[in-house]
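Trainee: My questions are about this predicted structure, shown below with the sequence.
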Amino acid sequence: MTTSTTQLHVDPSHLVPSVLTPPISKSDAQRALVLAHLTGAWPLPDLQNEPEEFLPADVRVMRRGIEALRLPPGPTRDVDCADGGAPFRILVTQSAVTPGAHVRLTGTPRLGERPHGPLFESLREALGPAGLQLTEGHPWPVELRAPLSTLEREPVFRVPGAQSSQYASSLLLGCAALFLRERRAWRVEIIGPLTSAGYLELTVSWLRRFGFTVHEREGHFEVADYRAPERAPAMPGDWSSLGYLLLIAWHTGGSVERADLASAHPDQALVRLVEQVGLRSQVGLGNTLRLTGEARGGLVASGTECPDLLPTLAALACVLPGTSTLHDVGILRLKESDRLEGIRTLVDAFGGKTALEGETLTLHPPASRPTHFAMDSRGDHRQAMVAATLSVLSGVPLTLTGPECVEKSFPGFWRQLERTGVRLT
Ligand SMILES: O=C(O)C1=C[C@@H](OP(=O)(O)O)[C@@H](O)[C@H](O)C1
Ligand SMILES: C=C(OP(=O)(O)O)C(=O)O
């Protein structure tokens, strides 16, 4: 949780149409960085071409982590994972499968609080007998000493999928490393239900694009072969960031670029979900996109399908005429902040109402909009960007505490808002 007391005043009263640009997708880039490292395609050209100040902090974390793993064996490698859930979890497995590596991982207190136990247990069960040592501090550091050989082990990781898909994604990327070293198939078996399944599919799609054969069958994912592709796959724009920008562009009469509809990112679901309230997407030249139409009714969406989009949809729900329903919201408690509470605080600050029944949240927009609202990001990038998106969509000025956290996924966010006429002081 942030201790930032910085305040940003967002004034949306002079909006103009513009073309808005998202950063590269951190989820895509994290997977591509690991695979480029494993397959000899390092460094990734697309990342080299991206201006450093626009690189999401989580991508920089992952790059630093991989650079540490690429050092010759010897001294302890220290990696600060900051607030990055996916980078941390992916680097844990990559550390465990780098022969003889000794890696010490640290992060924010919030990252330390998030659930990682099932991933650690899965690694200990599969690789402990081969010599893996994985120790946890309180909560930091998390320290790993990797075995020199895993050839004697049954080539399987078993992991529960209900709390995070990142465990399985991380282990599957580990299977790719082990396949290349041992030339035998390794697999992940998911125990019980899998949340955020689209992100594991994103991992599978990146493995395939980098030349791996992945077999999928009833919760089992196996890396079974590898043949180098002709060239490294291109990096798409970030669909999570496009969520805010598309809605802002819809309201201001603008458009977005870098919206690759062939991307496997789960948050591309936005384009389909807003059709429920009468918004249509129009594809332009290149990867430009705009939303058109008058919004009516309310939305229905699920946290199992696109967890990171739910706060964005909650902002949209606040300016819709009807009631909206978000299903499977429990997963939101496990993110950079408790986003279920964050959504409820936002709707409340805007004068609306929410009701939680089990895992379903109902959102009622306010009967009349406030003249101003205030939010604290509590260090969570999505809470900050979602509050600003609501300010633009509603025309209601916002005072936001802790705006710097957008760095995690979208360092250029505030500059994009200024491009569309928002005044920031
Ligand atoms: O694998 C990934 O890149 C991600 C998976 C999702 O997390 P969970 O699987 O923990 O829900 C998502 O919320 C996160 O932002 C990124
Ligand atoms: C949950 C998120 O990321 P991570 O789990 O990688 O910290 C996010 O970006 O919304």
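Mentor: Arrived safely. Predicted, not measured: the structure shown is a model, and the values here were computed from it. Ligands and ions are numbered 1, 2, ... in the order given.
Trainee: Burial check on Lys353, number of neighbours?
Mentor: As a burial measure, Lys353 scores 14 neighbours (other Cβ atoms under 10 Å). C-beta coordinates here come from the backbone N, C-alpha and C atoms, glycine included.
Trainee: Now that it has come up, it's in contact with Arg344, right?
Mentor: No - using Cβ atoms under 8 Å, Lys353 makes no contact with Arg344, being 9.4 Å away.
Trainee: List the buried residues of the longest helix along the chain.
Mentor: For the chain, the helix reaching the highest residue count under DSSP state H is reported as helix 166-182. If you call a residue buried by 16 or more other Cβ atoms under 10 Å, then helix 166-182 has these buried ones: 166-179, 181.
Trainee: and it, what other elements does it pack with?
Mentor: With contacts taken as 3 or more Cβ pairs under 8 Å, 6 or more residues apart in numbering; DSSP states H and E, helix 166-182 sits against helix 26-39, helix 85-96, helix 117-127, strand 156-161, strand 186-194, helix 197-209, strand 212-217, strand 220-226.
Trainee: residues from the protein in reach of ligand 2?
Mentor: By the rule Cβ under 6 Å from any ligand atom, the part of the chain lying against ligand 2 is Gly84, Gly85, Ala86, Asp308, Lys335, Glu336, Arg382, Ser409.
Trainee: could the residues you listed go into CSV alongside neighbour count and pLDDT?
Mentor: Formatted as CSV, the residues of the chain next to ligand 2 follow (neighbours: other Cβ atoms under 10 Å; pLDDT from 0 to 100):
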residue, neighbour count, pLDDT
Gly84, 27, 98
Gly85, 20, 98
Ala86, 22, 98
Asp308, 23, 98
Lys335, 22, 98
Glu336, 25, 98
Arg382, 31, 98
Ser409, 25, 98
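Trainee: how near is the residue in the chain that ligand 2 sits nearest to to ligand 1?
Mentor: Minimum separation of the chain from ligand 2 (Cβ to the nearest ligand atom) falls at Gly85, amounting to 2.6 Å. Distance check for Gly85 against ligand 1: by Cβ to the nearest ligand atom, to the nearest Å, it reads 6 Å.
Trainee: so that residue touches Gly112, yeah?
Mentor: No - if you go by Cβ under 8 Å, Gly85 and Gly112 don't touch, sitting 11.0 Å apart.
Trainee: Get me the contact residues on this protein for ligand 1.
Mentor: Counting by Cβ under 6 Å from any ligand atom, the residues of the chain near ligand 1 are Ser27, Ala86, Ser164, Ser165, Gln166, Ser169, Thr195, Ser196, Tyr199, Pro307, Asp308, Ile331.
Trainee: Run through the residues that contact the first one.
Mentor: Read it as Ser27. For Ser27, the contacting residues are Ala86, Tyr199, Leu202, Asp238, Ser240, His265, taking Cβ atoms under 8 Å, 6 or more residues apart in numbering as the criterion.
Trainee: Domain ranges for this protein, per the record?
Mentor: By the assignment in automatic domain parsing, the chain contains the domains 7-23+237-424, 26-226.
Trainee: In the chain, where is pLDDT below threshold?
Mentor: In the prediction, the chain carries residues with pLDDT under 70 at positions 1-2.
Trainee: What ranges does it have for its helices?
Mentor: For the chain, applying DSSP H gives helices covering 26-39, 45-48, 57-69, 85-96, 109-113, 117-127, 166-182, 197-209, 239-252, 269-273, 310-317, 339-349, 381-394, 413-419.
Trainee: Measure how the third one sits relative to helix 166-182, angle-wise.
Mentor: What that stands for is helix 57-69. Here the directions of helix 57-69 and helix 166-182 differ by 30 degrees (axes from the mean of the first three to the mean of the last three Cα atoms, to 10 degrees).
Trainee: go on, the first one?
Mentor: Using the same axes, to 10 degrees, the inter-axis angle of helix 26-39 relative to helix 166-182 is 20 degrees.
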